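[1] Just to be clear, the model below is a prediction. Sequence and coordinates:
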Amino acid sequence: MTASEASKPTNAEPWVIIVGAGPAGLMLALLLGQQGIPVQVVELADGPDKRPRATHYSAPANYELRRAGILDEVQSQGFLPNGVSWRKLDTTYLAGLDNTVPDDKDDSLVCLPLHKLACVILRALEQQPSVQISWGHKVLGVGQETDSKVAWVDVETATGTRRLQAPYVVGCDGANSQVRKSLFGSSFPGFTWNEQIVATNTYYDFDKYGYHDANFIIHPEHWYMAARISKDGMWRITYGELTGLTNEELIARQPMKFEKFLPGHEPPEAGAWKLDSISPYKVHQRLVEKMAVGHICLVADAAHLCNPFGGLGLTGGIVDAGNLADCLIGIYQGKADDSILDKYSEVRRQKYNDIINPVSSANIRRLFAQDPETALQDDAFLKMLHQGSADTSFAKKLQLEIKSVMHDFTQYYKTS
């Protein structure tokens, strides 16, 4: 799909301007467009981002994908992993989750790389005449006039700069969000982990070592995650590294790291794996002060960040989009007033503080901050997983606890 094919003219003035054409922004546009709401999406790039990023969707995200009408295609293009396990470096299985336990497959973990999800959403958006996508638009700043209830976005395009206006503006423009910076400057409360992360897409035969489709390896030095991300055998291998190294130094160390931690009785030779891509990066735990300021809202990474171990950043971002869609639909249809946006900010921040931040922080610490030899005895979470292996009903309950990140904003609609 080309950028020109994804963009289409619309005669209606936008009622919502969405900054950012990543999956969260596109999901929000799709849910609003399906209600006939005029939407304009503005995006700096000339087409969808094809870089490999997040890959896994759990039950709360699946709910939003289902009501948008695209979950079947997501499941068809991707796959349902067979399970998740926690292991020692020598491949010893400690505990895990069986992805076949949920009675409804919509509650099961689904894997599809994020750039492929974006393409699925774009195809669905082609059927929404009220949604326009404007590629090649660099956002310079946003603002609002509270008295006239007008929000605006200044953009730079190939033909010059101009100001776009709508009653509402939503920032879905990622960790370096210009919308967030326009509202709060450099303030983004939280912290950056000392632990350095290196993410790779790699072909390697984990199957012969009995690995599940997703695996977390506990070790004080060589901790990592290995998750199958394609039907042809590509794996996302994300591992911890030394701090203070440059990207070039981290990339140069990759063969040595693989030789140290990839499974097998002997260190695998360099030819045993096929490296497709590699990307060192820092990870953060951050939450913006407010996710709605007047008629300007923030969604997903523009509002909050967490480390990738457990997929809570992706799940939380998609749930943000669905929740904000319900708020804006309520306002557009006269079933709610602007105060519902304050409730959106309050609830979504609470979900981050009470669930996403502590759980994702525990997920990464679990890999390097304990002795793998005693982890099964010392770690309360692993002990619960071990209990679930012998108690199917408990295992189901444990897996569905992730649904606590969801919230029904239609309960705040006005009653007739």
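    Arrived safely, thanks for sending. Numbers count the residues shown, from 1 in each chain.
[2] Could you double-check that Met291 lies in contact with Arg349?
    Yes: using Cβ atoms under 8 Å, Met291 is in contact with Arg349, at 6.1 Å. C-betas here are computed from N, CA, C, even on glycine.
[3] Compare these two (neighbour count), which wins?
    Met291 (27 against 18; other Cβ atoms under 10 Å).
[4] That one and Ala302: what is the separation?
    Distance, Met291 to Ala302, by Cβ to Cβ, to the nearest Å: 9 Å.
[5] Check Thr146 too.
    21 Å.
[6] more neighbours, these two?
    Neighbour tally, Thr146 and Ala302, criterion other Cβ under 10 Å: the higher count belongs to Ala302, 31 against 10.
[7] Leaving out the residues flanking it, which one is nearest to that one?
    Ser177 (3.6 Å; Cβ to Cβ, 6 or more residues apart in numbering).
[8] Would you mind listing the residues in contact with that neighbour?
    Contacts for Ser177 were tallied using Cβ atoms under 8 Å, 6 or more residues apart in numbering; they are Val19, Gly20, Gly171, Leu298, Asp301, Ala302.
[9] Can you report how many residues neighbour the fifth one?
    A count of neighbours around Asp301, defined by other Cβ under 10 Å, yields 26.
[10] wait, it sits on Gly317?
    Yes: shown here, Asp301 and Gly317 form a contact pair, counting by Cβ under 8 Å, at 6.3 Å.
[11] and for the two, which residues touch both?
    With Cβ under 8 Å, 6+ apart as the test, Asp301 and Gly317 both reach Ala24.
[12] So Leu367 versus Thr91, what's the distance?
    The value you get for Leu367 to Thr91, if Cβ to Cβ is used, is 15 Å.
[13] shouldn't Ile364 be in contact with Gly313?
    No: shown here, Ile364 and Gly313 do not form a contact pair, counting by Cβ under 8 Å, at 11.8 Å.
[14] list residues touching both of the two?
    In contact with both Ile364 and Gly313: Asn307, using Cβ under 8 Å, 6+ apart.
[15] in this structure, which spans are helices?
    3-6, 23-33, 59-67, 71-77, 114-125, 178-184, 247-252, 254-261, 312-332, 339-351, 357-368, 375-378, 380-388, 392-400 (DSSP state H).
[16] Turn those into JSON lines, including mean pLDDT and distance to Tyr239.
    Listed next are these as JSON lines, based on pLDDT from 0 to 100; distance: least, Cβ to Cβ, whole Å:
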{"stretch": "helix 3-6", "mean pLDDT": "34", "distance to Tyr239": "35"}
{"stretch": "helix 23-33", "mean pLDDT": "97", "distance to Tyr239": "25"}
{"stretch": "helix 59-67", "mean pLDDT": "96", "distance to Tyr239": "25"}
{"stretch": "helix 71-77", "mean pLDDT": "96", "distance to Tyr239": "27"}
{"stretch": "helix 114-125", "mean pLDDT": "94", "distance to Tyr239": "20"}
{"stretch": "helix 178-184", "mean pLDDT": "97", "distance to Tyr239": "30"}
{"stretch": "helix 247-252", "mean pLDDT": "96", "distance to Tyr239": "10"}
{"stretch": "helix 254-261", "mean pLDDT": "94", "distance to Tyr239": "6"}
{"stretch": "helix 312-332", "mean pLDDT": "96", "distance to Tyr239": "18"}
{"stretch": "helix 339-351", "mean pLDDT": "98", "distance to Tyr239": "29"}
{"stretch": "helix 357-368", "mean pLDDT": "96", "distance to Tyr239": "10"}
{"stretch": "helix 375-378", "mean pLDDT": "94", "distance to Tyr239": "18"}
{"stretch": "helix 380-388", "mean pLDDT": "90", "distance to Tyr239": "20"}
{"stretch": "helix 392-400", "mean pLDDT": "87", "distance to Tyr239": "26"}
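[17] which stretch among these comes nearest Lys282?
    Proximity to Lys282 (Cβ to Cβ) singles out helix 247-252 among the helices of the chain, at 10.6 Å.
[18] hmm, back to that, just want to know which of Leu367 and Thr91 has more residues nearby.
    A direct count of neighbours by other Cβ under 10 Å for Leu367 and Thr91 places Leu367 higher, at 23 against 16.
[19] In this structure the more buried one contacts Pro220, no?
    No: with contact defined as Cβ under 8 Å, Leu367 does not count as touching Pro220 (9.2 Å).
[20] Spatially central residue for the chain, please.
    Centroid-nearest residue in the chain, with Cα atoms, centre = their mean: Leu314, separated by 1.5 Å.
[21] what sits against it?
    Contacts of Leu314 (Cβ under 8 Å, 6+ apart): Ala54, His56, Tyr57, Ala61, Leu114.
[22] Farthest pair within the residues you listed?
    Pairwise over these, using Cβ to Cβ, the maximum falls at Ala61 and Leu114, 11.2 Å.
[23] Looking at these two, which is more packed in?
    Neighbour totals were compared for Ala61 and Leu114, and Ala61 leads with 29 against 20 (other Cβ under 10 Å).
[24] So that one sits against Ile318, correct?
    Yes: if you go by Cβ under 8 Å, Ala61 and Ile318 touch, sitting 4.2 Å apart.
[25] distance of the residue nearest to Val288 when sequence neighbours are not counted from Val139?
    If the residues on either side of it in the chain are set aside, Val288 comes closest to Ala303, at 4.9 Å by Cβ to Cβ, 6+ apart. For Ala303, the distance to Val139 equals 16 Å [Cβ to Cβ].
[26] what's the answer for Val153, then?
    With Cβ to Cβ as the criterion, Val153 and Val139 are 6 Å apart.
[27] do Arg349 as well
    24 Å.
[28] who touches the residue lying closest to Gln387 once chain neighbours are set aside in this structure?
    Nearest non-adjacent residue to Gln387, counting by Cβ to Cβ, 6+ apart: Phe394, 5.9 Å away. Phe394 makes contacts with Met384, Gln387, Gly388, as judged by Cβ under 8 Å, 6+ apart.
[29] Cheers, nothing more for now.
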